[in-house]
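Chemist: one predicted model, sequence on top.
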Amino acid sequence: MCPPFEAVYEEGVLRPLEPLALEEHQRVTIIISENCDALDGLEDAAFRAWCAQEAGDDVPSIEEVRQSLSSIQGSIVDVIRAERDAR
């Protein structure tokens, strides 16, 4: 999924203000917003990009997380406390 982007409407065409990571002739769905949301501009795009770069390919799938969690015996709180106290 592509992140939100800004565009200008000129002569019947939406023109992105920055290049988009799309293939030529790729079909997309566009949702029009006039930036009236109070939360607009609060996202730190540079930090989001840094997080994605740091995560790399090491992000586990939801199934891997579920499998790991299912192997924990007893209370997860007890496991966390034990790990914390071992440090």
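Modeler: Now that the structure is in, tell me what you want to look at.

Chemist: any idea which helix or strand in the protein has the lowest mean pLDDT?
Modeler: The least trusted helix or strand in the chain, going by mean pLDDT, DSSP states H and E, turns out to be helix 45-55, with a mean of 85.

Chemist: skip ahead from it and say which helix or strand is next.
Modeler: Using DSSP states H and E, the helix or strand that follows helix 45-55 in sequence is helix 62-70.

Chemist: for that next one, the distance to its chain's centre please.
Modeler: Taking the mean C-alpha point of helix 62-70 and that of its whole chain, the gap between them comes to 20 Å (CA atoms, centre = their mean, to the nearest Å).

Chemist: equivalent analysis for stretch 57-77, please.
Modeler: Per CA atoms, centre = their mean, the centroid offset for stretch 57-77 relative to its chain is 20 Å.

Chemist: start and end of that stretch, how far apart?
Modeler: One end of stretch 57-77 to the other measures 28 Å (CA to CA, to the nearest Å).

Chemist: show residues contacting that stretch.
Modeler: Under the contact criterion CB atoms under 8 Å, 6 or more residues apart in numbering, stretch 57-77 has outside partners residue 79. Yep, even glycine has a C-beta here, placed from its N, CA and C like the rest.
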